[in-house]
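Visitor: predicted model, plus sequence, below.
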Amino acid sequence: MTTISKEHSDRLYWLGRYTERAFTTLRTIQKLYDKMLDKSKGYADYLKCFGLYDSYGSNEAFINSFLYDGSNANSVAYSLERAYDNGIVLREEISTHSLSFLQLAKDSLAKSELSKNTRLSLLPLEDQLYAFWGCLNEYIYNDEIRNIIYIGKTIERLDLYIRMAYPFDTTQKEYIRLMKNLERAPKGTPYRYNTANYSELVKIMENEDGYKQNSEKVIGCLEHLFEPLEVTV
């Protein structure tokens, strides 16, 4: 197997993270949308999870920003654009078929912004992101490439789940998936897991009490868990 470059390893990793961020943010906003139908301020707790200031003032402004505002780094639009930017460079590695589903997802989001029925108009987008992941499995034959993308995906999902205080059994399933993905990363890849953060993560996630008491530490471990190897001269 030919080891891929550090630059492409980085792009593969962030392709996984940004696509998952778009997907999880989309699903969360869809759930919040139901709460907002009764005009309650259903997004306040969501902002607190990420330490974000409420500068929106209305449910409609929040929805518009977190779905469609490409200048909002927490929005679906922003994450999709960053995922697509990485995908363009990686189209030979991930296939043009896979990339086409990211383009379709961007198009669906743009059409949704013009729709009068936000919830209904977003349904194709979720399916297109599922199709993107399925296409990766179909067209990527290099395990190194696939594993790096999925490491990014699982790190992002676990990070978001912890910030949003998902139950331990849910986060533990993603943690186990992440551990399996890390172990599959070929030894020659420029990106490897940081052993200190890996050990700390394993210790904390052994049980529910550790998870509840040290969730911020887990987020810190995830931030620097999978990074380029330092080369000493």
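Guide: That came through, no problem.
Visitor: C-alpha from now on. contacts and neighbour counts both.
Guide: OK.
Visitor: where do the helices sit along the protein?
Guide: 6-36, 44-49, 59-68, 76-89, 91-94, 96-114, 118-121, 123-139, 143-163, 168-184, 195-204, 208-213, 215-223 (DSSP state H).
Visitor: tell me the buried residues in the fourth one?
Guide: Neighbour-count burial for helix 76-89 flags Val76, Ala77, Tyr78, Ser79, Leu80, Glu81, Arg82, Ala83, Tyr84, Asn86, Gly87, Ile88 (criterion: 16 or more other CA atoms under 10 Å).
Visitor: in this structure, where is pLDDT below threshold?
Guide: 1-2, 37-41, 186-188, 229-233 (pLDDT under 70).
Visitor: let's see 90
Guide: Per-residue confidence of the chain (counting by pLDDT under 90) places the weak regions at 1-7, 30-44, 57-60, 116-120, 143-144, 183-195, 206, 210, 212, 227-233.
Visitor: now, among the buried residues of helix 76-89, which is nearest to Glu138?
Guide: Within these, the smallest distance to Glu138 is 16.0 Å, found for Gly87 (CA to CA).
Visitor: in TSV, list the buried residues of helix 76-89 along with distance to Asp127.
Guide: Below are those laid out as TSV (distance: CA to CA, whole Å):
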residue	distance to Asp127
Val76	15
Ala77	16
Tyr78	19
Ser79	17
Leu80	14
Glu81	18
Arg82	19
Ala83	16
Tyr84	17
Asn86	21
Gly87	18
Ile88	21
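Visitor: tally of neighbours for Gly134?
Guide: 12 (other CA atoms under 10 Å).
Visitor: cool, Lys48 as well?
Guide: If you count neighbours by other CA under 10 Å, Lys48 ends up with 13.
Visitor: before we move on, what about Gly152?
Guide: 24.
Visitor: equivalent analysis for Glu92, please.
Guide: 11.
Visitor: then the one 10 residues further on?
Guide: A total of 24 residues lie near Leu102 under the criterion other CA under 10 Å.
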